[in-house]
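Chemist: Make a model of this:
(one chain, ligands or ions: 1)
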Amino acid sequence: MDLTLQISATLPRDNLLHFPSKLNLTKLLYPRFTRNPFQEISFQSSRNREPVLEEQLSKGEYVEEEEGIIPCDDDSYLSLNEKPDRNLALLDDYEMEELDFAVDPNHRSGYVAVLGKPNVGKSTLSNQMVGQKLSIVTDKPQTTRHRILGIISSEEYQMILYDTPGVIEKKMHQLDTVMMKNVRSAAVNADCVVIVVDASKMPQKIDEVLEEGNLKEKVPTLLVLNKKDLIKPGEIAKRLEWYEKFTDVDEVIPVSAKFGHGVEDIKNWILTKLPIGPAYYPKDIASEHPERFFVAEIVREKIFIQYRNEVPYACQVNVVNYKTRPTSKDFIQVEIVVEKNTQKIILIGKEGKALKLLATAARLDIEDFLQKKVFLEVEVKVKDNWRQDEGLLKHYGYGGQIRAL
Ligand SMILES: Nc1nc2c(ncn2[C@@H]2O[C@H](COP(=O)(O)OP(=O)(O)OP(=O)(O)O)[C@@H](O)[C@H]2O)c(=O)[nH]1
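Modeler: Residues are numbered from 1 along each chain as shown. Predicted coordinates for the structure are as follows:
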C-alpha cells in the first residue's frame, strides 16, 4: 500500500483540494500528517544553529516546524508516484457511500498523461480541462517542472490528468533528467495519452515525445493540434492531414486551448478510452497537491513573467513556513533559491524594488487562489549548482514526493 493510500484512508476528507459545491471558488486544505509522538524534538534558533544541522535541514533530513527542528521521516512527504490500486480505493466508507458508485455499472475512471514539447500549450489545455488554473502558464518554454495532477469529475466519470514538463532533447542539468523521469512516470500509468503539438509551427514527428514517455505497450493516443487560432482554416486542414498520415496516433483533434475551443471534443475522446470502474478520489477534489505547492508555483510564475534570460530557470521556490491564523492573515514564508550571487542581485534589484514588485504580484495571485488575505515574506538564497545536486532536487520534490505539511 503506498503512502498516498494511507494518507487518504486516515485523513479527514477536508484535507484535499476541493471544489465547493455552491461557490465557484477553490478551497484548499493541505494534508496534515500525524507524527511519531516519540520522535525527538530539538529547539534551536536559526541564529546559532550548528553548521551540520543547517546542512541536514537543507538536504531535507530535518525539518523546521513550530515546535522546533525535528527529524524528517517519510510521513512528512506526500508520494505522487504511484497510481493507486483501484480496488483498494482512496475512499473511506463515508466517501464510498456518498459516491454510490456500485449503483452505476457504467462509471468510468482513469489516468491521462498530457505530453508534448515545451511551450506547445500543455498547461493551458490542462487548466482548461480541469476548469481551474493548476499549472502555471507563461510564454517561455519549460516552465512546468513537476507532474501536476488535476482531477475532473462528473457523475459518470473521473479523469485524472497529469500535466507534464515539456520533452527536451538536450539535458543540461540533473534537473532536466529528473523532469524527464517525471514525464515517464506520468505516461507509464496512463490509460490514454494526449500529445499536444503547436499547429502554428511546421509539422514535426512526435517520436521523441513517444520515446521519452516510454510507452511500453500501445495505449490509446490522441494528437491535439493546439493554437489553431493562430493559423488559417485551410492551413489547419493541411496540418491535420500531415499528422494523420505521418504519426501513429488514433485520432487528431485541432483545438485552441487558450480560447477553450475543442476542449470538450478532447474530453469526449478521453471518455471513450477510460476503463469502466469506480472513482479514485472523492468527486469534489480538484488536485492532490497541497496548498503550499500551488503557492510556490504562483511565485515561480511571477518570476518567469518579471525576469528575463536565464534567471527564472535558475530559481527554485520553496515555501518554508506556512501558518494559518484564524484571527489574522495567514503567514507564508517563501525562499527563492538561485545558483549565483549575481542572480540574487538581479532578483532583489536596486534598493530591493524588484523583489518587492515580485512579492506584491505573487501575493495578489495567492490571495485570489486561496480566497483569503495572506502575509507573504520572500527571501533570496544562493545554493551553488542546486540544479545538479541530486539530494537537493529530491528535497525540492523532483523525485515525485512533495512536502505535505
Ligand atoms: N494563441 C494561442 N496561444 C496559446 C494557446 N495555448 C497556449 N498558448 C500560449 O502558449 C504559451 C505556452 O503555453 P503553456 O501552456 O505554458 O505551454 P506548455 O506546453 O505547458 O509549456 P512548458 O512548460 O514549456 O512545457 C503561453 O504563452 C500560452 O498562452 C492557444 O490555443 N492559442
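Chemist: Off-centre distance for the one helix or strand residue 368 maps to?
Modeler: In the assignment (DSSP states H and E), residue 368 maps to helix 353-370. Here helix 353-370 shows a centroid-to-chain-centroid distance of 20 Å under the convention CA atoms, centre = their mean, to the nearest Å.
Chemist: mind listing the strands in the stretch 151-300 of the chain by residue range?
Modeler: 157-163, 192-198, 221-226, 251-254, 285-287 (DSSP state E, counting those that start in this stretch).
Chemist: now these in CSV, with mean neighbour count?
Modeler: C-beta: built from backbone N, CA, C; applies to glycine. What follows is those, written out as CSV (neighbours: other CB atoms under 10 Å):
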stretch, mean neighbour count
strand 157-163, 24
strand 192-198, 24
strand 221-226, 24
strand 251-254, 19
strand 285-287, 22
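Chemist: between those, which gets nearest to the ligand?
Modeler: Among the strands of the stretch 151-300 of the chain, strand 221-226 comes nearest to the ligand, with 5.1 Å by CB to the nearest ligand atom.
Chemist: Could you check the angle that closest one makes with strand 192-198?
Modeler: Strand 221-226 runs at 30 degrees relative to strand 192-198, counting by axes from the mean of the first three to the mean of the last three CA atoms, to 10 degrees.
Chemist: quick check: mean pLDDT across strand 221-226?
Modeler: What strand 221-226 shows for mean pLDDT is 97.
Chemist: Can you tell me the strand partners of it and which way each runs?
Modeler: strand 192-198 (parallel), strand 251-254 (parallel) (DSSP bridges).
Chemist: what about the residue of the stretch 201-350 of the chain found nearest the ligand, distance to residue 227?
Modeler: Across the stretch 201-350 of the chain, the shortest distance to the ligand (CB to the nearest ligand atom) belongs to residue 258, at 3.4 Å. Separation of residue 258 from residue 227 (CB to CB, to the nearest Å): 7 Å.
Chemist: Give me the common contacts of the two.
Modeler: Any residue near both residue 258 and residue 227 by CB atoms under 8 Å, 6 or more residues apart in numbering counts here, and that gives residue 121.
Chemist: ok, back up a step: any idea what the closest residue to the residue of the stretch 201-350 of the chain closest to the ligand other than its chain neighbours is structurally, helix, strand or coil?
Modeler: Once flanking residues are discounted, residue 258 sits nearest to residue 124: 5.6 Å by CB to CB, 6 or more residues apart in numbering. Following DSSP: H, G, I helix; E, B strand; the rest coil, the label given to residue 124 is helix.
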